[in-house]
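Undergrad: pasting the structure only:
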């Protein structure tokens, strides 16, 4: 256990996302209520646990890194044990395709597909620019007394709002923050997947109050080596989120994860529900 900022004892991201091999591509894990949002675990946390199992099953070495992860959320797991069954769908000379299925008490909770690959070419192009978020400055733990109803999973992070208008202010559906774990942790692919589903949904800026917003599907594209070269366990990262359409009860959200030096590390896209209050 590590003593997080503010004197809260936290077991750490690795402990809460750990998987244990059971044989034949099956892994055991435990869903921790430390990562709860409303009535279930944060989707990014679930994705991180599944990715841990996928990486353990792949065993392809550091040269074949995660490039894509897509998770579909059929149910919200309860706190406690889950099992993840991973299948290697195909292993090519330079690319591996894997699927995963998380179950609990015999019921499917989430399914996933992942691609791991070596680098294919040098060069390329980049037209995206890091948003102007200023310097990271000092990041803070969430004050749960001042923010009743804030998701429990925020206890695991230090944060500072950096982009867009505040939630429920009526502004555009654009938001972002500087973020790091309260327990120092080098950025890896599972943590990147968690970071990109941590901040409040971009449509919340437009609304006049919170609503349940469960994720239906969540994709992360990993665009740079992780951890970044020269990174430290206490480095802050910028997450930026935008949504353009909410229709028929669904909204999409596009996310970006940037290092402080302006390197794009990962991108995300998710489809989520925007439910009525109290649903």
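TA: Arrived safely, thanks for sending. The structure displayed is predicted, hence computed values, not measured ones.

Undergrad: please count neighbours and contacts with C-alpha atoms only from this point.
TA: Fine.

Undergrad: got the phi/psi numbers for the residue located most distally from the centre of the chain?
TA: Relative to the centre of the chain, and counting by Cα atoms, centre = their mean, the farthest-placed residue is residue 93 at 29.0 Å. With angles defined as degrees, to the nearest 10, residue 93 sits at phi -60, psi -30.

Undergrad: okay, and the most centrally placed residue in the chain sits in which element?
TA: Nearest to the mean C-alpha position of the chain, counting by Cα atoms, centre = their mean, stands residue 194 at 2.1 Å. According to DSSP states H and E, residue 194 maps onto helix 189-195.

Undergrad: which residues touch that helix?
TA: Applying Cα atoms under 8 Å, 6 or more residues apart in numbering, the external contacts of helix 189-195 come out as 13, 43-45, 47-49, 51-52, 66, 179, 220, 222, 226-227, 239, 257, 266.

Undergrad: go on, stretch 44-59?
TA: If you take Cα under 8 Å, 6+ apart as the criterion, stretch 44-59 is touched by 17-19, 25, 27, 29, 35, 69, 71, 84, 86-88, 96, 98-100, 102, 112, 114, 189-191, 193-198.

Undergrad: from these, which land in helices?
TA: Among the contacts of stretch 44-59, the residues falling in helices (DSSP state H) are 189, 190, 191, 193, 194, 195.

Undergrad: number of nearby residues for the fourth one?
TA: The burial count assigned to residue 193 is 28, neighbours taken as other Cα atoms under 10 Å.

Undergrad: quick check: pLDDT value at it.
TA: Reading off the confidence values, residue 193 has pLDDT 98.

Undergrad: so who does residue 71 touch?
TA: Taking Cα under 8 Å, 6+ apart, we find residue 71 in contact with 47, 110, 111, 112, 113, 217, 218, 219.

Undergrad: okay, and the beta partners of it?
TA: Here residue 71 sits in beta bridges with residue 112, residue 218, as judged by DSSP bridges.

Undergrad: how much space separates it from residue 28?
TA: Distance check for residue 71 against residue 28: by Cα to Cα, to the nearest Å, it reads 18 Å.

Undergrad: residue 89 now?
TA: 20 Å.

Undergrad: out of those two, which sits in the more crowded spot?
TA: Under the criterion of other Cα under 10 Å, the comparison of residue 89 against residue 28 puts residue 28 first, with 19 against 11.

Undergrad: which pLDDT value belongs to the more buried one?
TA: 98.

Undergrad: number of nearby residues for the closest residue to residue 240 other than its chain neighbours?
TA: Using Cα to Cα, 6 or more residues apart in numbering and skipping the chain neighbours, the partner closest in space to residue 240 is residue 176 (4.2 Å). Using other Cα under 10 Å, residue 176 has 26 other residues around it.

Undergrad: now for the host helix or strand of residue 176, which elements pack on it?
TA: Using DSSP H and E, residue 176 maps to strand 174-181. Counting contacts by 3 or more Cα pairs under 8 Å, 6 or more residues apart in numbering; DSSP states H and E, strand 174-181 is packed against strand 157-164, strand 237-242.

Undergrad: in CSV: those, plus mean pLDDT.
TA: Formatted as CSV, the helices and strands packed on strand 174-181 follow (pLDDT from 0 to 100):
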stretch, mean pLDDT
strand 157-164, 98
strand 237-242, 98
